[in-house]
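**Q** predicted model, plus sequence, below.
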Amino acid sequence: MDTLQSMRIFVRIAEEGSFSRAADRMDISRAVATRAVAGLETHLRARLLNRTTRRIALTETGQRYLQRCQQILTCIRDAEVEAADALAKPAGRLRVHAMLGFGQTYLVPALMRYQEYYPSVSVDLNLSQHLPRMLDEGCDVAVWMAGDQLPDSGFVSQRLGTLHSVLCASPAYLEDHGTPDDVAGLAQHSCIPLVSSFFPRGRWDLDGPDGPETFALPPTAFQVNVPEVLGTVLQEGKGIGALPMPSAVPLLKSGALVRVLPNHQLQKLTGYVQYPSRQYLDAKVRTFVEFLREVVPPALASDHAALH
């Protein structure tokens, strides 16, 4: 028995005062309407309607059950309207996860502009260095960087653009220690590794005018796993390091750091926006993904131009 449909039929019969009129209004047969009420009474082990050949009347139990059914059906209709609105109107809480540097440089400005267009959307932004378990952590959208491709997760991924890392140092460090002219010259300097799943351990793979070159990193007394912390260390004049573009560009623009071997770059990465499914996509997720695909690629292109 479809209890919910039977409740709908019972309510319509009670409101119409007739099996026949209720059946006509619901475009079902009188026999279906009769079986629905009989099924409810059997299930409840209670009589809901007194019937004669001319009229029907609710029992006391039927009157109480009618009120409950009307409340339940109203809640269901409200839930259906709310769910349908979620697909059509951006509103509610948008939970976004992003890598720290990428999030600070590209995502935060985009979110500020997005909320100007959609003020009914509130944002819960989480910045970290780990790729989230989207369903377990209740994440709507993840913005991530990867090498060749993202790990296979079954989620939908949209490409936002490419970025890379560059070698940087503070003006004070270069003034004290000189500036290397080529990749081999890095051996005369303090080179600080960024420990990351994106970077191969123990070396820098650079791409320059003469093609790919590899520099084996010498043992060092200091290494770090967060680009923003590496940026701080480099500003203190501690050596040369490879910073991803989102972390490097603001420091280069401000003059806090300068590029080393400016014709070389390393570790090309691709930025992605990821979300659980294309089907019945919530309006706030759909509009946010569309907005990111509109504003992030030009921002990446602008920073590529600034580096060169």
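**A** Yep, that arrived. A quick note: this is a predicted structure, and the numbers were derived from the prediction, not measured.
**Q** how close does residue 164 get to residue 264?
**A** Separation of residue 164 from residue 264 (Cβ to Cβ, to the nearest Å) stands at 10 Å. From N, CA and C alone the C-beta is placed, and that goes for glycine too.
**Q** likewise residue 99?
**A** Per Cβ to Cβ, residue 99 is found 23 Å from residue 264.
**Q** repeat that for residue 145.
**A** 20 Å.
**Q** quick revisit: so for residue 164 and residue 264, which sits in the more crowded spot?
**A** Between residue 164 and residue 264, counted using other Cβ atoms under 10 Å, the more crowded position is residue 264 (20 against 16).
**Q** count of neighbours near residue 146?
**A** By other Cβ under 10 Å, the residues close to residue 146 number 16.
**Q** cool, and residue 283?
**A** Counted with other Cβ under 10 Å, residues neighbouring residue 283 total 18.
**Q** following element in sequence after the helix or strand bottoming out on mean pLDDT in the chain, please.
**A** Lowest by mean pLDDT, DSSP states H and E among the helices and strands of the chain is helix 60-88, with a mean of 75. Note on helix 60-88: by DSSP states H and E, the next helix or strand toward the C-terminus is strand 92-99.
**Q** so for the residue lying closest to residue 89 once chain neighbours are set aside, what's the pLDDT?
**A** In space, and not counting its chain neighbours, residue 89 is closest to residue 283: 5.6 Å by Cβ to Cβ, 6 or more residues apart in numbering. For residue 283, the model assigns a pLDDT of 84.
**Q** cool, and residue 113?
**A** Per-residue confidence (pLDDT) for residue 113: 91.
**Q** with adjacent residues omitted, what lies nearest to it?
**A** Excluding its sequence neighbours, the residue lying closest to residue 113 (Cβ to Cβ, 6+ apart) is residue 295, at 6.8 Å.
**Q** one more: residue 40?
**A** Spatial nearest neighbour of residue 40, excluding adjacent residues (Cβ to Cβ, 6+ apart): residue 6 at 5.1 Å.
**Q** surely that neighbour is in contact with residue 33?
**A** No: using Cβ atoms under 8 Å as the test, residue 6 is too far from residue 33 to be in contact (9.5 Å).
**Q** of these two, which one has the most company?
**A** Neighbour comparison, residue 6 and residue 33: the larger count goes to residue 33, with 24 against 21 (by other Cβ under 10 Å).
**Q** I'd assumed residue 19 was in contact with the more buried one.
**A** Yes: counting by Cβ under 8 Å, residue 33 touches residue 19, with 5.0 Å between them.
**Q** identify the contacts common to those two.
**A** Common contact partners of residue 33 and residue 19 (Cβ atoms under 8 Å, 6 or more residues apart in numbering): residue 13.
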